[in-house]
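> sequence? don't have it. structure:
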């Protein structure tokens with residue numbers, strides 16, 4: 001009998017990997033969102049206390065960014081089941097949003 005493979009039944013998502021970039025470096029540029037994770041921020045600087053990690057592809061390379069943006073976190077919680085999708089992140093006054 002062939003044993004089961006962990007990947008066949010595990011429900012845990014693997015870590016998000018890729019080159020770390022600053023969010024401001026990809027503003028107003030279309031990217032392909034491939035994954036996200038929301039967890040408690042170890043810095044606590046954001047109002048929500050959450051840290052959003054977003055994995056994406058740009059020019060064929062896998063990258064990630066981190067943010068405490070509440071608006072982006074809410075958008076990913078609402079639309080995360082649509083991943084993968086192409087999007088542009090814009091800064092409007094003091095917050096970031098998907099478009």
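Yep, that arrived. A quick note: this is a predicted structure, and the numbers were derived from the prediction, not measured. Numbers count the residues shown, from 1 in each chain.

> distance of the residue most central in space within the chain from residue 21?
Nearest to the mean C-alpha position of the chain, counting by Cα atoms, centre = their mean, stands residue 54 at 1.5 Å. Taking Cβ to Cβ, to the nearest Å as the criterion, residue 54 is separated from residue 21 by 10 Å. Heads up, the C-betas are built off the backbone N, CA and C, glycines and all.

> shared neighbours of these two, anything?
Common neighbours of residue 54 and residue 21, counting by Cβ atoms under 8 Å, 6 or more residues apart in numbering, are 64-65.

> helix, strand or coil for residue 74?
Secondary structure, DSSP: H, G, I helix; E, B strand; the rest coil: residue 74 is helix.

> that one: neighbour count?
By other Cβ atoms under 10 Å, 15 other residues sit near residue 74.

> which residue ranges of this protein form strands?
Along the chain, counting by DSSP state E, strands occupy 19-20, 30-40, 50-58, 61-67, 85-92, 95-98.

> buried stuff in the fourth one?
The one in question is strand 61-67. 63-67 (16 or more other Cβ atoms under 10 Å).

> and the contacts of that strand?
Contact partners of strand 61-67, identified using Cβ under 8 Å, 6+ apart, comprise 16-23, 26, 34, 51-57, 73, 96.

> what of the longest one?
Applying Cβ under 8 Å, 6+ apart, the contact partners of strand 30-40 are 13, 16, 49-58, 62, 73, 76-77, 80, 83-89.
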